[in-house]
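Visitor: What follows is a predicted protein model with its sequence.
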Amino acid sequence: MTLGLINANPVVHAKKERVARTEDLHGDDALSVLSEESITVDEKLGRILITFTPTIQHCSMATVIGLCLRVKLKHYFPPHFKVDIKVSPGSHANEESVNKQLNDKERVAAALENPNLRQLVDECLYSNEL
């Protein structure tokens with residue numbers, strides 16, 4: 001599957017200094033799609049909230065980004081943690097629809113059963129590990 005350039009001229013932000021961690025959950029992100037400030041973990045309540053910002057209002061990859069985050073988090077946190085993944089308010093034209101898709105267990109399960117979508121998620125997650 002070949003995708004054309006959706007955002008041919010993205011704004012590239014300088015990397016912020018951050019506290020060193022033993023494992024990097026979100027890799028290098030020069031597009032500011034995800035920042036440390038947009039991740040909240042409440043270990044007492046077993047909740048994780050991630051808010052990410054697509055690079056453009058009509059980003060067709062927003063749900064794929066969210067699926068990648070969800071799959072990656074499954075490897076790092078116990079199954080009893082509730083994970084909420086949302087696009088930043090006002091950052092996507094279909095914000096409500098994307099948020100609903102990313103936080104509906106049946107929709108997420110169905111999406112990950114799709115072999116083409118699962119391959120795309122796996123490529124996004126594991127391309128840096130080669």
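Guide: Cool, the structure landed. Residues are numbered from 1 along each chain as shown.

Visitor: contacting residues for the closest residue in space to residue 40 that isn't next to it in sequence?
Guide: In space, and not counting its chain neighbours, residue 40 is closest to residue 49: 4.4 Å by CB to CB, 6 or more residues apart in numbering. In this view, the C-beta of every residue, glycine as well, is placed from N, C-alpha and C. With contact set as CB atoms under 8 Å, 6 or more residues apart in numbering, residue 49 has these partners: 39-40, 84-86.

Visitor: secondary structure element for residue 83?
Guide: Per DSSP states H and E, residue 83 falls inside strand 82-87.

Visitor: hang on, I meant residue 54
Guide: Under the assignment given by DSSP H and E, residue 54 is not contained in any helix or strand.

Visitor: ok, now which ones touch it?
Guide: Residues near residue 54 by CB under 8 Å, 6+ apart: 33, 61-62, 65, 87, 91-92.

Visitor: Apply 7 Å and report the result again.
Guide: Residues near residue 54 by CB atoms under 7 Å, 6 or more residues apart in numbering: 33, 62, 87, 91-92.

Visitor: Looking at those residues, spot the one nearest residue 55.
Guide: For the contacts of residue 54, the minimum distance to residue 55 (CB to CB) is 6.6 Å, reached by residue 33.

Visitor: Spatially, what comes nearest to the closest one if we skip its sequence neighbours?
Guide: Leaving out its chain neighbours, the residue that sits closest to residue 33 by CB to CB, 6+ apart is residue 52, at 5.3 Å.

Visitor: For the chain, which segments are assigned as helices?
Guide: For the chain, applying DSSP state H gives helices covering 62-74, 95-102, 105-113, 115-126.
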